[in-house]
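Trainee: prediction below, plus the sequence it came from.
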Amino acid sequence: MTETAPPRMDLRLAALLIGVILSTVDSSALNLALPTLAAHFGTDASAVQGAISLYLVGSALAFLPLSSIAGRVGTVRVYRVSLAAFAVISQFLAFSPNLQTLLVLRFLQGIAGAGIVGLVPGMTAATFREHRGWALGMVSGSVAAGTLIGPPLGGFLVEWLGWRSIFYINLPFGLLALLLSSRLTELMGVGLVEGLRRIIRAPRFILALTSTVCFFIHSFGTNLIWPFYLEAGGMSPAKVGLFMLVPPVMLMVAGPSCGKMSDSRGYDRVSWLGSAVLMAASLGQGLSGSVIIGLMGIGIGRALFQAANNAAVLSQAPEGTNTVASGLLSIARVSGQALGSVLAGILWGKLEHGGTSRAFLVVNLVMAAVAALAGCLIIGRSRIK
């Protein structure tokens, strides 16, 4: 029996990771430019916020249609066209004559971004079948890296080169990813309707996908309450920002190793361990009031859970539905992010007047219950034959 060769970075993975970093850096860097955009176009924050929200709307609407098209014409082709479109639209954005044009272009860029982010998980899993968890861990780490790099890079570019420079930098990186992407593994599949019909009949896939929603509810719920709780305790926004770097740094560093562990120990086992750590960390910080416990524990829990569960989702996709499954994984992520923000925001708003400690406890208990639900779903799917 031959041993599996250890995983290693190559140009194919680089093409996928550059695409992921490109889209995440673009979104997180643009946040820093919003006040400058408002001043440049003579408007207010609510108007320029559309540059963020319309991008997300475009992506959300395009995930499934583009996944369906990719299943018929090939994922590599759609991915490469999306990379080119993303880079080209960025250059048009840099020359936007007015805010209305910029908003329309951001919506279109969101559609192109869906063709990148929505297809990367499925293409990664297909290209690195023997090291699926490790490769998806590299993707998760790259998302974290892009989120970390974006704000300081955006601040530097806006201050020294102006807001247009944020869009200029997408062209060289988009072209680099385009050049490296020709050797990616092609995925072909059934259409959207047939794909959804098959997926509905795959309970293990549905349970894995639902646990993804739970994970992102927990992630964005905890991300939302940390600033409120810490600033209410007198911590400065700058220091809060530094504290909140802990989980993404841990995900970036530990994600690939945890994904590699899931390749050998099993996706269900490692993702369940991640859900247990997330639950314990939420309980710990809620009961003790110590955010350090939460930051460290949740950082570890995310690293354990994300790559392993993504690998479980894609490995359970019925035959011929890999492209649709990849799109659904992105929709599960966006849905969880929205639900987590809304749930935590409503709870905090209702409870903070009775004391921030009480509100912090209650929201963390709810987040712990969400993490426990993810764990139960993992146990449930492991028992289905």
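Mentor: Thanks, I have the structure now.
Trainee: now do the helices in the stretch 101-250 of the chain.
Mentor: Listed in chain order, the helices of the stretch 101-250 of the chain (DSSP state H, counting those that start in this stretch) span 120-127, 132-161, 165-168, 170-180, 192-200, 203-232, 237-243, 246-265.
Trainee: out of these, flag the one nearest residue 80.
Mentor: Evaluated with C-beta to C-beta, the helices of the stretch 101-250 of the chain place helix 170-180 nearest to residue 80, the distance being 5.8 Å. Yep, even glycine has a C-beta here, placed from its N, CA and C like the rest.
Trainee: and the closest one, what does it pack against?
Mentor: Identification of packing neighbours for helix 170-180 by 3 or more C-beta pairs under 8 Å, 6 or more residues apart in numbering; DSSP states H and E yields helix 11-41, helix 75-94.
Trainee: so which bits of it are buried?
Mentor: Across helix 170-180, burial judged by 16 or more other C-beta atoms under 10 Å covers 170, 173-174, 176-178, 180.
Trainee: thinking again about what came up before, ok, of the helices of the stretch 101-250 of the chain, where does mean pLDDT dip lowest?
Mentor: In terms of mean pLDDT, the lowest-scoring of those is helix 237-243 (a mean of 79).
Trainee: and the contacts of it?
Mentor: For helix 237-243, the external contacting residues (C-beta atoms under 8 Å, 6 or more residues apart in numbering) are 226-227, 230-231, 235, 291, 295.
Trainee: format those residues as CSV; extra columns: distance to residue 64.
Mentor: Shown next, in CSV, are the contacts of helix 237-243 (distance: C-beta to C-beta, whole Å):
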residue, distance to residue 64
226, 32
227, 33
230, 38
231, 38
235, 41
291, 38
295, 35
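Trainee: and of those, the nearest to residue 56?
Mentor: Relative to residue 56, and with distances defined as C-beta to C-beta, the nearest of the contacts of helix 237-243 is residue 227, at 20.3 Å.
Trainee: before we move on, back to that, can you pick out the most distant pair from the contacts of helix 237-243?
Mentor: 231 and 295 (15.3 Å).
Trainee: more neighbours: those two, which one.
Mentor: When neighbours are counted by other C-beta atoms under 10 Å, residue 295 comes out ahead of the other of residue 231 and residue 295, with 21 against 14.
Trainee: any idea how far the more buried one lies from residue 45?
Mentor: Taking C-beta to C-beta, to the nearest Å as the measure, residue 295 and residue 45 are separated by 29 Å.
Trainee: ok, now residue 86?
Mentor: In this structure, residue 86 lies at 25 Å from residue 45, with C-beta to C-beta as the measure.
Trainee: more neighbours: which of these two?
Mentor: The neighbour comparison of residue 86 against residue 45 (other C-beta under 10 Å) goes to residue 86, with 28 against 10.
Trainee: how far off centre is the strand or helix carrying residue 374?
Mentor: Taking DSSP states H and E as the definition, residue 374 sits inside helix 356-382. Taking C-alpha atoms, centre = their mean, to the nearest Å, one finds helix 356-382 lying 20 Å from the centre of the chain it belongs to.
Trainee: just want the angle from that helix to helix 203-232.
Mentor: Helix 356-382 and helix 203-232 meet at an angle of 170 degrees, taking axes from the mean of the first three to the mean of the last three C-alpha atoms, to 10 degrees as the criterion.
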